[in-house]
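Chemist: structure, please.
(one chain, ligands or ions: 1)
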Amino acid sequence: MLTLQQHLQQTFKLQGFRPGQERVINALLAGRSALAVFPTGGGKSLCYQLPALMLDGVTLVVSPLIALMKDQVDQLHRLGIAAARLDSSVDAEQLQSIYRGLEDGSIKLLYVAPERLANERFLARLKRLSISMMAVDEAHCVSEWGHNFRPDYLKLAQLAKELEVGRVLALTATATPQVAQQICDSFAIAPADHVQTGFFRPNLALSVRPYNVEERGRALLEALQARPSEPAIVYVTLQKTATQVAALLSEQGLNAQAYHAGLKGEERHRVQEAFMSGQVNIVVATIAFGMGIDKADIRGIYHYNLPKSLENYMQEIGRAGRDGEPSQCVLLASSDDLTVLENFSYGDTPDSEALAGLIGWLVNQPAQFDLAVHELSGQFDVRPLVINTLLTYLELDGIIRSTAPFYTEYKLAFQISQAEVLAQFDHERADFLRQVFAAGKEGRIWLTLKPIAVADQLQVDRVRILKAIGYLEQQGMVEVRVAGVRQGYRMVNRPADPQALTAQIAEQFRVREQRDIQRLQQVCNWAQSSDCYQRGLVGYFGEQLPQPCGQCSACKGEHQRFPERHRTAPDSAVILAVIAQRHGALATPRQLARFLCGISSPRASRARLARHPSFGSQMEVPFAEVLATCRAMLEP
Ligand code: ADP
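Modeler: The predicted structure follows:
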C-alpha cells in the first residue's frame, strides 16, 4: 500500500500538492464528504483521483462533460491507472469489459454522465458494487442559484444515499457563497470541509472596453492583429455571430475558425483538435467551446458579447494563462447585448397556457404513471429542460416521486443461437426464456421485446424479464439495444387545487427568470464600475482582495463610460405578415414572440421555423414589448 506522498510522486509523477488539495484529500480519506472550490486549472481532479486509489471499492465520477471525461480517462491510462467511462460512445463489447472490470475490482474510477444514472439497469448493477466515493464535477449545477442549473443534479444527493457511497466530493470552479451553501446542504458537507482556494489569478490582465455594436468588429480585429500568432478564444452569444466573426477575421488574414453547437460533431472535433495542436490559433465560439479545454498557453480571451453571468465570465477567462504566463482578457462590452441575453431568459419561461395544460395532465394521472419528456415537450410546446425543471419542482414539493426510468423496447441480437442459449439453463429457466423470446417480434438480426406487453401476456413480473435480459447480456450471449425511455412516477400527494399549483409553479419560473436577469445586471454593474475589475470579480465569489490588482483597465485609469442602450421598437409590419401566414406552431402570443425573438421551441423547430426569414427578426427588441405587441394583434 502506497502512502499519500508516494502516490503523488510515483503514480501521478507530481512534486507536491497545490493549495487546498491535501486538505480535501485528507477529509475524504477520513471518511468525510467535502466541497472543493478551486479555479479552473487549480487541480480539482487529483482530489478524487488520488484517494480513489487508496480507498477500497470504486469511485464514481459524475461529470456532464463527455469530452472532458475522455481526456481524463486517457490521461489516467497513461499513468497506468485503471479508469473507464460510460457515455453514449461506448459500444456493447466495451460495456461488458467495463462491467467485468468493476465487478472484479480492477477499475478504480468510473466516469459517468448524469443521464446514465437514470438508467434502471445501470443503477441495479451499481448497487451490487461497493462505491467508496462519488465525485460530483461541476457541482454548482445542483443549485438553482447557480448559473447552470441541471434538474438531474438535484437527485444526486438522494442517489448517493441509495448507493450507500462512502463519501461525496463536490467540485466546482464557480460558486458564490450562496451556491456553496446549497451544495453543502445537499450533500451534508460540514463547513470545515468546504475548501476554497483563491479565485484571484494575478497573471490575467482584465480590461473592459465599451463599444458600439458597429465598432466592435474593428476593435476585435485590431486587438488580435497586435498578437496574431497567440492562441486566443473569442466568445460570442449567437451561433451566427460565431460564423460571421470568424469569417471577418479570416478575411483579414487571421487564422480563425468558428465553433458552436450547431456544427456537426466531426467539425467541432476537428476545430478543437486544430486549436489544441496549434494549427489554428483563434477560435470564435459560443459557450459550447472550452469546457474541458486543457490548453496551457491560451494568451487571450476576448468577449465579443457580454457574458450571461459573472460565473460564466470567470469560467471563460479561467481558460487563459493556465501556464501562469501573462494573458489578456478583453471584454468588448456593449449594453445593446443585454436585450438579446434578456430575451433568452424570458423565452425560457413557459406559457401560462402550457403550464396549466401540463399540470392538468399530471393531476389526472393514476397512482402509478409514466411519461416521456420529449412527448410532453411536443404536446405542450415546452422545451425539455423546462419540463424536467417542472417535474423536479413537483418532486421537491412532495407531489410526485420518480420511481425508475425504463425502456419500452429492448432489441436483442443473439451472439449464439437461441437453442444454444436455452441449452445453458435448467428446465424451468429455459422454459421461461423460450416463452419470452416467443413473445417478441423476430427480425433478421434483432428480436424486439416490449417488456410491459410481454409481462402482461405471460403473467410474470416485468422485472424478471429485465433481469433475464441483463443476465444474457452480461454473459455475452446477446447484444442489447434499448429504445423509448420513459420515466416512471408515483403520485404521492395529488394536488387538490391544480389552479393554485399552476400559479405557484408559474411564480417559481418567474423567480428563476428574475434571477437570470439579475445575474445579467450584475455583469453590467461590474463592467460599468470604475473599481478594480479583479477585486469586483473575486468579491462576487466571496473573496476579499486586499489591494487593487494594478493591471486591469480600471486600475490603469482607462475606465470608459458605456454608451446608452439602443431602443428598438417592434416592427408591426413584419409581425402582421407572420400572423397572416397563420402558422400552427405560432398560435399563442408567446409562441409568436419567441419566434420573432429567435428563441426556438419544440414545435417551432419541428416545423423548421428557424429557417423562416422572420425568425429572430425582432431579436433586438425587448421580449416584453414584442410579447405585448403580439398580444395586442392576436387578441384584439
Ligand atoms: P481543474 O479540474 O481544477 O480545472 P485539473 O484537475 O484538470 O484542474 O488540473 C489542471 C492541471 O494541473 C492538470 O494538467 C494537472 O495535471 C495539473 N496538476 C494538478 N495537481 C497538480 C499538482 N499538485 N502539481 C502539479 N500539477 C498539478
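Chemist: my read is that Ala372 contacts Gly488, right?
Modeler: No - with contacts defined as C-beta atoms under 8 Å, Ala372 does not count as touching Gly488, sitting 11.0 Å away. (Each C-beta comes from the backbone N, C-alpha and C, glycine too.)
Chemist: pLDDT wise, what is Arg594 at?
Modeler: Predicted confidence (pLDDT) at Arg594: the value is 91.
Chemist: over to Pro228?
Modeler: pLDDT, the model's per-residue confidence, is 90 for Pro228.
Chemist: that one in helix, strand or coil?
Modeler: Following DSSP: H, G, I helix; E, B strand; the rest coil, the label given to Pro228 is coil.
Chemist: give the contact list for it.
Modeler: Gly253, Leu254, Asn255, Asn281 (C-beta atoms under 8 Å, 6 or more residues apart in numbering).
Chemist: rerun at 10 Å
Modeler: Leu249, Gln252, Gly253, Leu254, Asn255, Asn281, Ile282 (C-beta atoms under 10 Å, 6 or more residues apart in numbering).
Chemist: the third one reaches Gln225, doesn't it?
Modeler: Yes - counting by C-beta atoms under 10 Å, Gly253 sits close enough to Gln225 to count as a contact (8.4 Å).
Chemist: hey, what's in contact with both of the two?
Modeler: Listed as contacting both Gly253 and Gln225 by C-beta under 10 Å, 6+ apart is no residue at all.
Chemist: about what we covered before: need the overlap of contacts for Ala372 and Gly488.
Modeler: Pro405.
Chemist: give me the mean pLDDT for the host helix or strand of Gln158.
Modeler: Assigned by DSSP states H and E, Gln158 belongs to helix 156-162. The average pLDDT for helix 156-162 rounds to 88.
Chemist: need the pLDDT of Asp516.
Modeler: Value listed for Asp516 in the pLDDT field: 89.
Chemist: buried ones in whichever strand or helix holds Asn388, by neighbour count?
Modeler: Applying DSSP H and E as the criterion places Asn388 in helix 384-396. Across helix 384-396, burial judged by 16 or more other C-beta atoms under 10 Å covers Val386, Ile387, Asn388, Thr389, Leu390, Leu391, Thr392, Tyr393, Leu394, Glu395.
Chemist: tabulate those residues (TSV), appending pLDDT and distance to Gln560.
Modeler: Output for the buried residues of helix 384-396, formatted as TSV (pLDDT from 0 to 100; distance: C-beta to C-beta, whole Å):
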residue	pLDDT	distance to Gln560
Val386	86	39
Ile387	90	44
Asn388	86	42
Thr389	86	39
Leu390	90	43
Leu391	89	46
Thr392	82	43
Tyr393	83	43
Leu394	89	48
Glu395	82	48
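Chemist: picking up where we left off before, which secondary structure elements does the helix holding Asn388 contact?
Modeler: Where contact means 3 or more C-beta pairs under 10 Å, 6 or more residues apart in numbering; DSSP states H and E, helix 384-396 is packed against helix 151-154, helix 352-363, helix 373-380, strand 400-414, strand 478-491, helix 498-528, helix 602-606.
Chemist: now the longest one and helix 384-396, what's the angle there?
Modeler: Here helix 498-528 runs at an angle of 120 degrees relative to helix 384-396 (axes from the mean of the first three to the mean of the last three C-alpha atoms, to 10 degrees).
Chemist: buried stuff in helix 498-528?
Modeler: For helix 498-528, by 16+ other C-beta under 10 Å, it's 498, 501-502, 505-506, 509, 512-513, 515-516, 519-520, 522-524, 526-527.
Chemist: residue numbers of this structure in contact with the ligand?
Modeler: Within the chain, the positions adjacent to the ligand are 14, 17-18, 21, 38, 40-46, 294 by C-beta under 6 Å from any ligand atom.
Chemist: roughly how far apart are the residue of the stretch 351-500 of the chain found nearest the ligand and Val373?
Modeler: At 25.1 Å from the ligand, Leu385 is the closest residue in the stretch 351-500 of the chain, using C-beta to the nearest ligand atom. As for Leu385, its distance to Val373 is 9 Å (criterion: C-beta to C-beta, to the nearest Å).
Chemist: and the helix holding Gln158, what does it pack onto?
Modeler: strand 58-62, helix 120-127, strand 131-136, strand 167-172, helix 177-187.
Chemist: what about the residue of the stretch 501-636 of the chain found nearest the ligand, neighbour count?
Modeler: Nearest residue of the stretch 501-636 of the chain to the ligand: Phe541, at 14.9 Å (C-beta to the nearest ligand atom). Using other C-beta atoms under 10 Å as the criterion, Phe541 is surrounded by 22 other residues.
Chemist: residues in contact with the residue nearest to it when sequence neighbours are not counted?
Modeler: Nearest residue to Phe541, sequence neighbours excluded (C-beta to C-beta, 6 or more residues apart in numbering): Phe199, at 5.0 Å. By C-beta under 10 Å, 6+ apart, the contact set of Phe199 is 37-39, 42, 173-175, 314, 318, 534, 537-543, 545.
Chemist: what about those residues, which are in strands?
Modeler: With strands taken from DSSP state E, the overlap with those comprises Val37.
Chemist: give the PyMOL command for selecting the buried subset of the contacts of Phe199.
Modeler: Remark: buried members of the contacts of Phe199, expressed as a PyMOL selection using 16+ other C-beta under 10 Å:
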select buried, resi 37+38+39+42+173+174+175+314+318+534+537+538+539+540+541+543+545
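Chemist: Val142 is in contact with Arg150, correct?
Modeler: Yes - look at Arg150 against Val142 with C-beta under 10 Å: they come within range, at 7.9 Å.
Chemist: quick one, phi psi at whatever residue of the stretch 151-300 of the chain ends up closest to the ligand?
Modeler: Using C-beta to the nearest ligand atom, the single residue of the stretch 151-300 of the chain nearest to the ligand is Asp294, 5.8 Å away. Phi and psi for Asp294, reported as degrees, to the nearest 10, are phi -110, psi 70.
Chemist: could you list the low-pLDDT ranges of this protein?
Modeler: 67, 88, 118-121, 144-148, 291-292 (pLDDT under 70).
Chemist: let's go with 50 and repeat that
Modeler: The model of the chain has no residue with pLDDT under 50.
Chemist: what number of residues lie near the residue of the stretch 151-300 of the chain closest to the ligand?
Modeler: Look at Asp294: counted by other C-beta under 10 Å, it has 14 neighbours.
Chemist: mind listing what it touches?
Modeler: Contacts of Asp294 (C-beta under 10 Å, 6+ apart): Thr40, Gly41, Ser45, Leu68, Asp71, Gln72, Gln75, Met276, Arg319, Arg322.
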